[in-house]
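1. Sequence and predicted structure, then a few things I'm wondering about:
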Amino acid sequence: MSFVNRVLASVGIGAAVVDTKLEESMFYAGEMIKGVVEINGGKVEQHIDEINLYLMTEYIREVDDNKVKQAHTLDSVRVAQDITIAANEQKKIPFTMPLPYDVPLTIGKTPVWLKTGLDIKQAIDPKDEDYITIKSTDIVENVFASLEQLGLRLRKSMCVHVKRHLQNNRPFAQEFEFIPSSGPFHGDLDELEVVFYPERDRVRLMLEVDKRGKGMLGFLEEALDVDEQKSMLTISRIEAEDQATLTQTLENHIRRYI
């Protein structure tokens with residue numbers, strides 16, 4: 001009977017089960033994830049080589065002219081290793097995992113989740129996935145507020161594949177696309193794309209201004225895609241604390257490329 005149970009456990013029947021329980025489900029970028037990994041033994045004793053947590057997201061990339069979703073590991077941490085779980089035994093292993101400041105925000109259809117994996121030799125590895133909500137840092141939140149004050153409405157946000165990245169080695173960037181609904185840029189701007197690169201005490205912005213074409217020259221610029229201009233802007237924590245000044249800084253910067 002024990003031999004049969006071991007064979008069944010190797011294919012996932014009656015094997016150990018993992019369940020990660022988080023203290024919270026919503027986090028701000030840069031915070032610490034805290035929780036407990038619960039392992040419930042199956043019908044037989046099993047040896048677990050290691051337990052890993054993976055911080056995951058996904059991005060869109062084009063493959064043969066089709067848009068597909070690609071999962072990506074943002075970070076990982078080893079919770080434990082060389083553990084033996086007896087039949088019907090329960091083990092609880094506490095853990096902490098820091099969130100990077102540039103973790104994608106769960107705005108729109110961008111998911112972020114924590115995947116737990118148990119590495120068991122000659123067996124199907126048990127897994128668990130827990131989706132979490134990521135909120136922006138206070139600096140980034142103030143930038144959003146200033147853009148809203150300028151009449152720029154967020155139309156969509158997604159993580160998209162990029163061949164070359166300016167700030168890190170990730171194969172994607174999270175783009176936020178704004179359109180003018182009112183304010184100083186209404187009639188002069190088609191759209192504004194923003195990529196945030198947050199750090200502890202500042203955020204770097206990559207902005208792409210798509211100005212509205214005017215007349216024959218404007219038509220030719222749009223036809224040749226030369227109406228889009230990229231630029232970089234760094235906002236410190238001190239600068240972000242003064243909302244009125246931040247709004248003026250963003251307006252002046254965007255105005256230079258229209």
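-> Happy to help now that I have it. Residues are numbered from 1 along each chain as shown.

2. tell me what the helix or strand encompassing residue 148 is packed against?
-> Assessed by DSSP states H and E, residue 148 sits inside helix 138-149. Counting by 3 or more CB pairs under 8 Å, 6 or more residues apart in numbering; DSSP states H and E, the packing neighbours recorded for helix 138-149 are strand 189-198, strand 202-211, helix 237-241, helix 243-255. Where C-beta positions appear, they are placed from N, C-alpha and C, glycine not excepted.

3. cutoff 6 Å now
-> Contact analysis of helix 138-149 by 3 or more CB pairs under 6 Å, 6 or more residues apart in numbering; DSSP states H and E lists helix 237-241, helix 243-255 as its packing neighbours.

4. any idea of the mean pLDDT in that helix?
-> Averaging pLDDT along helix 138-149 yields 97.

5. follow-up on the earlier one: among the helices and strands packed on helix 138-149, which is nearest residue 67?
-> Of all the helices and strands packed on helix 138-149, helix 243-255 sits nearest to residue 67, with 28.9 Å by CB to CB.

6. circling back: same list (the helices and strands packed on helix 138-149) but as TSV, adding mean pLDDT.
-> Converted to TSV, the helices and strands packed on helix 138-149 look like this (pLDDT from 0 to 100):
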stretch	mean pLDDT
helix 237-241	95
helix 243-255	96
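
7. okay, the ones you listed in TSV with distance to residue 27 and mean neighbour count next?
-> Putting the helices and strands packed on helix 138-149 into TSV (distance: least, CB to CB, whole Å; neighbours: other CB atoms under 10 Å) gives the following:
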stretch	distance to residue 27	mean neighbour count
helix 237-241	19	15
helix 243-255	24	15
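
8. Next SSE downstream of the host helix or strand of residue 97?
-> Assigned by DSSP H and E, residue 97 belongs to strand 90-98. Scanning forward in sequence from strand 90-98 by DSSP H and E, the next helix or strand is strand 112-119.
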